[in-house]
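> build me a model:
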Amino acid sequence: MTEDEVDVESLKQRIAELQVEHRELDSTIARLADLPEINELEMRRLKKRKLYLKDQIFTLEKLLTPDIRA
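Model (predicted):
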């Protein structure tokens, strides 16, 4: 296995980890939204983390996609 293949595999692994955390946060946010008393500060913090994860996933996926010249 070459160094490039290891890098690709480690990127894919990291993306998978971030996707799991993103899904878990999504579930947590949905569950908290159903509660009668919502802690707005906590909800904003969770949503901000979820957005950060989404951005990280997008950035890492771009590294896996080769540039295509038009």
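> which pLDDT value does the model give Ile68?
pLDDT recorded at Ile68 is 68.
> same question, Gln13
Note for Gln13: predicted pLDDT of 97.
> helix or strand right after the helix or strand encompassing Ser27?
Per DSSP states H and E, Ser27 falls inside helix 3-33. Proceeding N to C from helix 3-33, the next assigned helix or strand is helix 40-64, under DSSP H and E.
> any weak-confidence spans in the chain?
1-3, 5-6, 67-70 (pLDDT under 70).
> grab the most central residue of the chain for me.
The centroid of the chain falls nearest to Leu53 when counting by CA atoms, centre = their mean (3.2 Å).
> identify the residues contacting Leu11.
Counting by CB atoms under 8 Å, 6 or more residues apart in numbering, Leu11 makes contact with Leu60, Leu63, Leu64. All C-beta spots, glycine's among them, are computed from the backbone N, C-alpha and C.
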